[in-house]
Every structure is written in C-alpha cells, then in structure tokens.
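K.L.:
Need coordinates for the following:
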Amino acid sequence: MKALEYCKLHRALCVGIVNTVGSAIARATDCGIYLMCGPEIGVASTKAYTSQIIAITLFALKIGEDKVSTQKRRHEIIQGLKSLPEQITKVLATEPQILAISKKLKEQKSLLVMGRGFQFGTCLEGALKIKEISYVHCEGVMSGELKHGPLALVDDSMPIVFVVTKDKHYDKAFSSFEQVTARKGQPIIICSEGDERVPSKYDKIEVPTTMDCLQPVINIIPLQLLSYHIADLRGINVDRPRNLAKSVTTE
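P.N.:
This is a model prediction of the structure:
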C-alpha cells in the first residue's frame, strides 16, 4: 500500500496486477491487469507468481511495441512465450529426480539458494516457498555478494541450491559456483540442458533455456517442487502452512 501512497503523492498512474477480481489492490489502483489463472487453493502462491511474471512481460511488450530499436528482442520474447508450455512440461518430467534430492534434504534445518541477475528473484521466491511450506530456514543469496558474508557459511554440510542457467551472468555465476565447491560445498545445481561445464559428481537438475526475462518461469518450478516434496516427506500439510493465511487482515 506504500506504493499506492507514493503514486497518489506524485500523481502517477498506479497499475495493479492481481488475480482476484475486486481485491483490495484492484479497488485501490487506477487500472490493472487480472491474471485470471484461477484460484490458489494453497496458502503459498505458485501459479499466481509465474502468471505475474508473464503478465508484466506482456505489459512491457505492449508499452514498447513502437520502439524500433527493440523489435528484434521483442520478437524473441514473444517466441519464447509461445514455447513456455512445452518447456514447462519438460521441467515437470524431472520430478522423480527432484523427489530423490528432497529425500536427502528432508532432515536439514537450513538451506541456501544462490543465483545472479534475473535468477536472484528466483532464489528469493524459491527460498520463500521452502520457508513457508517445509519450515526449513532458507535464504535467497545474490551469488555476486558471496564474499560479503554468505561464503563463511559454506562447508561440506551446508546444503546449497545454485541456479546457474545460461544468460549474460552465466560466467560470473559459475565463478561463484566454483568458489563454493573450492570450499568443499556440495551444491545442487539448476542448470541449462546439456551444460557439460557442470561436474557430473554434483546433483543437478537440467532445465530448458529460454529468453533471460522468461527463464525465471522455468527455473522456479524445480524449487517449488523441492519445497513441496520436502514438506510432504516431513508430514506437513502443504496447502495449510502453520501461522499463515490467504489474506492479511491486520497490520
């Protein structure tokens, strides 16, 4: 709601991107986009998150449709959006592998999720899901800030999920991955299909490659499945995490 106050103060147009028709944000904003992705049964949002990424991307494409200098990228993003259903199906097929990894993590009390660029947002959302659903302490870490504190936590017993898919930050993200492994870290890697640079001795989940701004839609799915399976293995109701509710009614 602070964003709404800022918009009113500066007389800016406030756009709401929401799923529920008639929600508080939908009523308070000047205009908006309804996701229309159906009701979220569980308290922890999943499909609404990925739908928001797609809605914001479509919004940006619409705003920039008359800009000549970005037409090539615009076309590539549109083609990437068309390919998402098939790519998501391929990621879902890795669920047995993710379940096997979850069995190794179910007794852990803490977990780090690391990434860079667009994937830092993926790490924050993935860490949130793991905290919400499985009750495992989890932090999303910007891998570029590894030496500013998080590296001190790395040893052979600290579970780490590393998101190292191919984009313009790939080389720097991989450098952070090597810093972790040099300190006996045993990361679980979410990487692009066919990435032979990732050593086979580590657990890895290969995902399809798409446009950099759409890659979070692909990369969040393994983390959502990981949070689900860890919670299920721990005997937790994944739809009704303790102390949480679908809507916040108190400040």
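K.L.:
Could you tell me what pLDDT the model assigned to the spatially closest residue to L233 that is not a sequence neighbour?
P.N.:
Spatial nearest neighbour of L233, excluding adjacent residues (CB to CB, 6 or more residues apart in numbering): K106 at 4.3 Å. No exception for glycine: its C-beta is placed from N, CA and C like everyone else's. Looking at K106, its pLDDT reads 90.
K.L.:
Please apply the same query to the one 5 residues further on.
P.N.:
The pLDDT attached to L111 in the predicted structure is 92.
K.L.:
Please look at it and H137 and confirm they touch.
P.N.:
Yes - with contact defined as CB atoms under 8 Å, L111 reaches H137; the gap is 7.2 Å.
K.L.:
Show me which of these two is the more surrounded one.
P.N.:
Counted by other CB atoms under 10 Å, L111 and H137 do not tie: L111 has more neighbours, with 23 against 13.
K.L.:
so who does that one touch?
P.N.:
L111 makes contact with 105, 127, 130, 136-139, 159-161, according to CB atoms under 8 Å, 6 or more residues apart in numbering.
K.L.:
Alpha carbons of stretch 122-132, as CSV, please.
P.N.:
Presented in CSV, the C-alpha positions along stretch 122-132 are these (Å, rounded to 0.1, in the frame of the first residue of the first chain):
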residue,chain,number,x,y,z
THR,A,122,14.0,-16.8,-8.5
CYS,A,123,16.2,-17.6,-5.5
LEU,A,124,14.2,-15.2,-3.2
GLU,A,125,10.9,-16.8,-4.3
GLY,A,126,12.3,-20.3,-4.0
ALA,A,127,13.6,-19.6,-0.5
LEU,A,128,10.3,-18.2,0.5
LYS,A,129,8.4,-21.3,-0.7
ILE,A,130,10.8,-23.6,1.2
LYS,A,131,10.4,-21.5,4.4
GLU,A,132,6.6,-21.3,4.0
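K.L.:
Phi, psi for the residue nearest to L233 please.
P.N.:
Main-chain dihedrals, K106, degrees, to the nearest 10: phi -60, psi -30.
K.L.:
Could you dump the contacts of L111 into CSV with distance to D232 and secondary structure added?
P.N.:
Below are the contacts of L111 laid out as CSV (distance: CB to CB, whole Å; DSSP: H, G, I helix; E, B strand; the rest coil):
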residue, distance to D232, secondary structure
L105, 12, helix
A127, 18, helix
I130, 13, helix
V136, 13, coil
H137, 18, strand
C138, 16, strand
E139, 22, strand
P159, 18, coil
I160, 22, strand
V161, 18, strand
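K.L.:
What subset of these is buried?
P.N.:
In these, burial by neighbour count holds for 105, 127, 130, 136, 138-139, 159-161, counting by 16 or more other CB atoms under 10 Å.
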